[in-house]
Structures are given as structure tokens and as C-alpha cells.
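Novice: Let's see this in three dimensions:
(chains A, B, C and D)
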Protein chains: 2
Amino acid sequence: MSLEHALLGFLSYSPMTGYELKQHFDQSIYHFWNANLSQIYPALSRMKEEGLLTMEVEHQEDRPNRKVYTITDAGREALQRWLVTPLPPGQVREAWLIQIFFAHFQSNDEIVSLLEARMDAMRARLAVCRTEIQAAIDQNAAQSGVERASQLWQITLDYGIAHYETQLAWLEQTLARVRKLPPLTPPKP
Amino acid sequence: MSLEHALLGFLSYSPMTGYELKQHFDQSIYHFWNANLSQIYPALSRMKEEGLLTMEVEHQEDRPNRKVYTITDAGREALQRWLVTPLPPGQVREAWLIQIFFAHFQSNDEIVSLLEARMDAMRARLAVCRTEIQAAIDQNAAQSGVERASQLWQITLDYGIAHYETQLAWLEQTLARVRKLPPLTPPKP
DNA sequence: CGAACCATGTAATTGGTTACATGATTGT
DNA sequence: ACAATCATGTAACCAATTACATGGTTCG
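Specialist: As a prediction, the model looks like this:
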């Protein structure tokens, strides 16, 4: 359902093709939601069948025809309704924590390696938020008339930044903690 | 894959039935990974076929027979290998942030409501971590011989606590920010 | 008297990822 | 020469959720 509503959201700005929608996903909400083209195209067809969108074909000679989707009144209503409906919070799923949980037969160094690998990944993501996405927001904010939208975008980015900062803080702290853990009494089998 | 390895992890403690495994999921790692019985039972059969587990039937008269699964050497090796393999960090998926992102036509009050609903949910989860799961860990730690395991469990719980605290801090801060947002210039259509 | 516990599963559906397929144009 | 951009899709697969099915025992 979320994918569909994100598509409606972008199409509420202006009519677009599936390809362009994908670019919007990549450029603005990638840090908390992503979608593949192979997911977007069938979703658009479905939504057209449901009357949430209309489609017009723009003929092109050299490349495949562009299919430009436009949101309908029914689509706007569906979006509107969804936007004010609180969603049940999803189940947390952090597979790497399973590794920590069952690491009692691993050496402290092995656990440290896992944590360090994760730190690298989290640092990289934090950097993307701070540079690329921030730049996109700033550029967008410069064009006036969209201040409210820019501020909401910034709010979601700040969520991402806070999230990754927490991850890193926790990892740092856990690293110190694991280094001090008494080593395993029975050595590895 | 993670489900399978979590099952191997619990079975590395002692042989168990699918039903008992589910209880372990619910009591110790629910805050970062969960599984349904309808997922666990077929997974166990599969893993038995793959030679990671063996199974023995305990006959019972009044209830369905218990199928007790035991980890094999191959299972221990597979677990061991997985436990030291860094996992690629998963894509963040926070559907409710889509709602914030596209809320520029919603009133500030409507956005505030969404945030407050989420705050309630996050407070509830934080409370579960601080009370129920903490109690389970403390109880487990009291039985000596498992200190290392208890400490790793505590580490994963502290992750959960830090996560929910960050959520709440961000929500609090965002609430204040949204209340100050200049209201929408064009009133709702 | 109904809910929760014990104990097993299958089937259907949903949502997402990966692989496959096509093909011209533009930039390095 | 090779990768990236534009532009569309289909098909297979995987993981997780929900619904369905069965049925006795114990607790409030």
C-alpha cells in the first residue's frame, strides 16, 4: 500500500512517467523508502485500472513511448485519506542483531569485527544523508513556493540523520563493552 | 536466511520443538526479530532435509505429538559460519515518513496528530523493553553460567531502548517544529 | 462459558528483490 | 570500446503475514 501512496504523492505534484517517478524516489525519499522500476510499472497499471490515475502515451521515435500518468480526483481523495490515517508501526527487523545475540561462542575480536563492519556501513549512509540529500533539499528550497514541502523533507532527513547517529553511538559504546567482556571459558570446539 | 539461523541459534542451546522455539522468539528477541509458527514449522522441515537438524517424535496421547529438533554438526558449522559473516545493512522502510513527506497540504494539526499517534506506539514499545524484556534478562542472568550470553542479550536490548528513545526524542522535537510551521497558504481543496 | 495453552500444520496472499529482455543515444 | 541515460516491461523467486484447520486441557 505504501508504494502506491508514495506514487500518488509524487503524481500530486505533476504528471510523470514511471521512470521519472523512480528518479524522484532515488533523489528524495531513498533514505526511508525505495522502490524498483519492476515494482513501479505494474503498480501504475493497477492504479490506472482502479481509476486512481489516467495515462497518456507520448509517442517517441527513437526510444520507447513515454507513458505519462496523471492523478485523478479519486486518486487525490485516496491519497488524502491515507495521509491522515496513522499506520501501525512495523516490526523491527535487524538480522545482524541475531548475530550479536548468539555470539557467546565467538571471540570478542570476532564480535568487534562485526560491529566495525556495521559502523563503516552506517558512517557511509550518514554521509550520504549529510551531503547528497541535504544538497538536494537546499537546492529545492532555493526555488521559492515550496518552503513547506522543503521543511517537511528536511524533517524526514533529520530523522535519517538521527537514526544513523544513534546507530553509530550505540556501536561505539558496544564496541567498548564487548572489548571488556570476559573471554569465553570453553574455547571454540 | 535469518530465520533459519535464529532457529539454529536457539537449537544450539538445546533440542526443542517448533512451538518452544516460537516462545523463545517471543521472550528474548521479539524486539528485533520475530517469526510466526506458520513460518517456523516449514523452516524446520526444510532444515531437516538439508541435514542441519534431526527430528524425533515424542508420542503423546491427548495432544499432537511433539517433534523435537536437534542441531547436527553440519547445523553448528552453518551457524558458526553465518555468525561471523557481516550482513549487508537492509534498506530503511518507514512508511509513516512517507506521510510526513507528503503532508504539505495537511494542516499542522493533522501532522501533529500523526506524530502523537506514533509517540504513543513508541512509548508503549519502550516500556515493554524496559520492563518485560529487562525482567527476562535479569532472571536469566541470575542463573549463573550464562553471563556472557546474558550480557549479549542485554546489548541487544540496549539497542532497542536506544532506538525507541531516539524515536521519541525526534518526535518530540519534530512536534515543536511542526507546530511552528507557517500554515498552508492555499486552504485544502 | 470462554480464553489461553499446548501442538501441529497448509494455503493464499502480499510485498519486495533479482534476473531477464530490448534497444537507441550520449558521454568518458 | 564501455558505461550511463532513457524507457518500457515480464517472470521467477523469496520472505513474511493472514487465514484456515484440528482438538483436548486448564484457568479464571
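
Novice: ok, which stretches of chain A are helices?
Specialist: A:2-11, A:18-24, A:37-49, A:73-83, A:95-101, A:108-128, A:134-142, A:147-179 (DSSP state H).

Novice: helices or strands up against the fourth one?
Specialist: This means helix A:73-83. helix A:2-11 (3 or more C-beta pairs under 8 Å, 6 or more residues apart in numbering or on different chains; DSSP states H and E). Where C-beta positions appear, they are placed from N, C-alpha and C, glycine not excepted.

Novice: Mind checking if the helix or strand bottoming out on mean pLDDT in chain A is in reach of DNA strand D?
Specialist: Lowest by mean pLDDT, DSSP states H and E among the helices and strands of chain A is helix A:134-142, with a mean of 91. No: using C-beta under 7 Å from any atom of the strand, helix A:134-142 stays clear of DNA strand D, with a minimum separation of 14.7 Å.

Novice: of all the helices of chain A, which lies closest to DNA strand C?
Specialist: DNA strand C lies closest to helix A:37-49 among the helices of chain A, at 3.3 Å (C-beta to the nearest atom of the strand).

Novice: Flag every residue of chain A that's near DNA strand C.
Specialist: A:Met1, A:Ser2, A:Leu3, A:Asn34, A:Ala35, A:Asn36, A:Ser38, A:Gln39, A:Asp62, A:Arg63, A:Pro64.

Novice: Nearest residue to the fourth one in space, please, no chain neighbours.
Specialist: Distances taken as C-beta to C-beta, 6 or more residues apart in numbering or on different chains place B:Gln91 nearest to A:Asn34, at 5.5 Å, with adjacent residues excluded.

Novice: Which pLDDT value goes with that neighbour?
Specialist: We have a pLDDT of 96 for B:Gln91.

Novice: number of nearby residues for it?
Specialist: Using other C-beta atoms under 10 Å in any protein chain shown, the number of residues around B:Gln91 comes to 10.

Novice: so it touches A:Phe32, yeah?
Specialist: No: counting by C-beta atoms under 8 Å, B:Gln91 sits too far from A:Phe32 to count as a contact (9.0 Å).

Novice: what does chain A put close to DNA strand D?
Specialist: Going by C-beta under 7 Å from any atom of the strand, the residues of chain A near DNA strand D are A:17-20, A:23, A:37-38, A:41-42, A:44-45, A:60, A:63-67, A:91, A:93.

Novice: Weed out the non-buried ones from these.
Specialist: For the residues of chain A next to DNA strand D, a burial check counting by 16 or more other C-beta atoms under 10 Å in any protein chain shown picks out A:Thr17, A:Gly18, A:Glu20, A:Tyr41, A:Leu44, A:Lys67.

Novice: quick one: pLDDT of the second one?
Specialist: Looking at A:Gly18, its pLDDT is 98.

Novice: And for the last one?
Specialist: At A:Lys67, the predicted lDDT confidence score is 97.

Novice: That one is in contact with A:Glu20, isn't it?
Specialist: No: using C-beta under 8 Å, A:Lys67 is not in contact with A:Glu20, being 10.5 Å away.

Novice: rewinding a little: which of the residues of chain A next to DNA strand C has the largest number of neighbours?
Specialist: Going by other C-beta under 10 Å, A:Ala35 tops these with 20 neighbours.

Novice: which ones are touching that residue?
Specialist: Contacts of A:Ala35 were listed using C-beta atoms under 8 Å, 6 or more residues apart in numbering or on different chains, and they are A:Leu3, A:Ala6, A:Lys22, A:Phe25.

Novice: got any ranges where chain A has weak pLDDT?
Specialist: A:144-145, A:185-189 (pLDDT under 70).

Novice: Domain ranges for it, per the record?
Specialist: A:2-83, A:95-179 (automatic domain parsing).

Novice: Now look at the last one and say if it contacts chain B.
Specialist: Yes: using C-beta under 8 Å from any C-beta of the partner chain, domain A:95-179 reaches chain B at A:95-106, A:110, A:113-114, A:117-118, A:121-122, A:125, A:146-149, A:151-153, A:155-156, A:158-160, A:162-163, A:166, A:169-170, A:174, A:177-178.

Novice: which of those residues count as buried?
Specialist: The neighbour count (16+ other C-beta under 10 Å) marks A:95-106, A:114, A:117-118, A:121-122, A:125, A:148-149, A:151-153, A:155-156, A:158-160, A:162-163, A:166, A:170, A:174, A:177-178 as buried among the residues of domain A:95-179 next to chain B.

Novice: Could you work out the end-to-end span of stretch A:125-139 for me?
Specialist: 20 Å (C-alpha to C-alpha, to the nearest Å).

Novice: still on that earlier bit, max pairwise distance over the residues of chain A next to DNA strand C: which two?
Specialist: Farthest-apart pair in the residues of chain A next to DNA strand C is A:Met1 and A:Asp62; separation 36.8 Å (C-beta to C-beta).

Novice: so how far is A:Ala135 from A:Thr166?
Specialist: The gap separating A:Thr166 from A:Ala135 is 23 Å, by C-beta to C-beta, to the nearest Å.

Novice: cool, and A:Arg76?
Specialist: From A:Arg76 to A:Ala135 the distance is 31 Å (C-beta to C-beta).

Novice: Neighbour count: those two, which is higher?
Specialist: Each of A:Arg76 and A:Ala135 has its neighbours counted (other C-beta under 10 Å); A:Arg76 has more, 16 against 10.

Novice: Chain neighbours aside, what residue packs nearest to that one?
Specialist: Leaving out its chain neighbours, the residue that sits closest to A:Arg76 by C-beta to C-beta, 6+ apart is A:Ser12, at 6.4 Å.
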